[in-house]
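Chemist: sequence and predicted structure below; questions after.
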Amino acid sequence: MTLLERLGSQLPCRYYLGIDAGYKEHVAVVISLQTFVCGDDRRKQARCVHFPSTDGFASLRSARRR
């Protein structure tokens, strides 16, 4: 068991943004630290936002959680 797993609910409320910058399309995902530490597949099933690379990151800024 890692230190993060032992801390459990005492973990700070943090979110991480992962971006895959591609040639034609970018993909972004946001997950919480608690989700990442859980160790289950919830982090792999997080909803991704796809947006065209021609828009730069303007589409990401305007994206809303659905």
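Modeler: Yep, that arrived. None of these values were measured; they are calculated from a predicted model.
Chemist: pop out the phi and psi values for the residue lying closest to residue 22 once chain neighbours are set aside.
Modeler: Excluding the flanking residues, the one nearest residue 22 by CB to CB, 6 or more residues apart in numbering is residue 53, at 6.3 Å. Where you see a C-beta, it was placed from the backbone N, CA and C, and this is true even at glycine. Backbone geometry at residue 53, expressed as degrees, to the nearest 10, gives phi -70, psi -20.
Chemist: which residue ranges of the protein form helices?
Modeler: Along the chain, counting by DSSP state H, helices occupy 3-7, 33-38, 58-62.
Chemist: show the average pLDDT along the first one.
Modeler: Throughout helix 3-7, pLDDT has a mean value of 64.
Chemist: what does stretch 47-58 give?
Modeler: In the prediction, stretch 47-58 has an average pLDDT of 82.
Chemist: run a quick neighbour tally on residue 26.
Modeler: Per other CB atoms under 10 Å, the neighbour tally for residue 26 reads 19.
Chemist: which residues touch it?
Modeler: 19-20, 50-53, 57, 60 (CB atoms under 8 Å, 6 or more residues apart in numbering).
Chemist: output those residues as CSV; include the columns distance to residue 28.
Modeler: Listed next are the contacts of residue 26 as CSV, based on distance: CB to CB, whole Å:
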residue, distance to residue 28
19, 5
20, 8
50, 8
51, 8
52, 13
53, 12
57, 9
60, 5
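Chemist: ok, the residues you listed vs residue 32, which is closest?
Modeler: residue 19 (16.7 Å; CB to CB).
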